[in-house]
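Enquirer: coords please:
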Amino acid sequence: MTYRLKKELRPKLKKPLGRLYEDGEKSVKEVLDEKGSSKLATVGDVTTHNLLKQDVNPDLAIVDGRVMRKEASEDIKKTIGSWEHSVIAVENPAGHITSELIDAVKEGLDSDSPTLISVDGEEDLAVLPVALYAPEGYIVLYGQPKEGLVSVRVDSDCKNKVKSFMNLMEEI
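Expert: Numbering: from 1, shown residues only. Now for the predicted structure:
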C-alpha cells in the first residue's frame with residue numbers, strides 16, 4: 001500500500017509533530033539530555049549529519065542525499081558515509097509513503113545494529129511511519145525547514161496523531 005499526500009493535509013504537516021528547537025537554541029546533545037536515554041531515529045540529511053558531528057549515533061537514520069531539494073554537500077555525504085551502519089535502499093517519490101519505505105522502517109526499527117535507510121526520491125514524510133511503528137519512548141528528530149530541529153518522543157498521543165494524518169492521505 002502506498003499513501004499519497006493530499007493538498008489539504010500539507011498545512012497540518014507543516015506544524016511540528018513534537019517540540020521545535022529554533023536554530024541555535026540548543027545543541028542536539030542538549031535536546032537529547034533533556035529527553036533521557038532512549039532509542040533514536042533521525043529523518044533528514046542535515047539532522048543526521050549534525051547528530052553524527054556531535055558524536056551521537058542514531059539507531060535509525062533516513063536520508064535522501066538532498067537538502068532543501070538540492071544535492072547534499074560533500075561534507076554531509078562524507079559524515080553520513082563514514083558512520084558505521086547497515087544500509088537499506090528504497091524508492092519513495094516526493095509526497096508519498098510507499099510500502100517499501102514502511103517495510104524498511106520496520107526492518108530498521110527491529111535491527112540490533114544502526115541502520116541507514118537511503119531513499120531514492122524524498123524522505124520528508126518518513127517521520128510518520130517511524131513515529132507510528134517505533135516503540136513508545138523512541139525519540140525521532142527531524143529538521144523543520146528554516147526553523148530548527150523537531151524532537152518527538154513516541155507515545156500513544158503521537159501514534160494517534162500520525163494515524164489520523166495517514167488516514168487523511170490517499171491510498172493508492
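Enquirer: May I see the buried residues of stretch 48-58?
Expert: Applying a neighbour-count criterion of 16 or more other C-beta atoms under 10 Å, the buried positions in stretch 48-58 are 48-52, 56, 58. Heads up, the C-betas are built off the backbone N, CA and C, glycines and all.
Enquirer: Now do it: everything it contacts.
Expert: Taking contacts as C-beta atoms under 8 Å, 6 or more residues apart in numbering, the residues outside stretch 48-58 that touch it are 27-29, 32, 40-42, 61-63, 72, 75-76, 79-80, 83, 114, 141, 149.
Enquirer: which of these are buried?
Expert: If you count burial by 16+ other C-beta under 10 Å, the buried members of those come out as 28, 32, 40-42, 61-63, 72, 76, 79-80, 114, 141, 149.
Enquirer: In strands only, show me the residues you listed.
Expert: With strands identified by DSSP state E, the entries of the buried ones among the contacts of stretch 48-58 that belong to them are 40-42, 61-63, 141, 149.
Enquirer: what's the neighbour count on Lys77?
Expert: Taking other C-beta atoms under 10 Å as the neighbour definition, Lys77 ends up with a count of 15.
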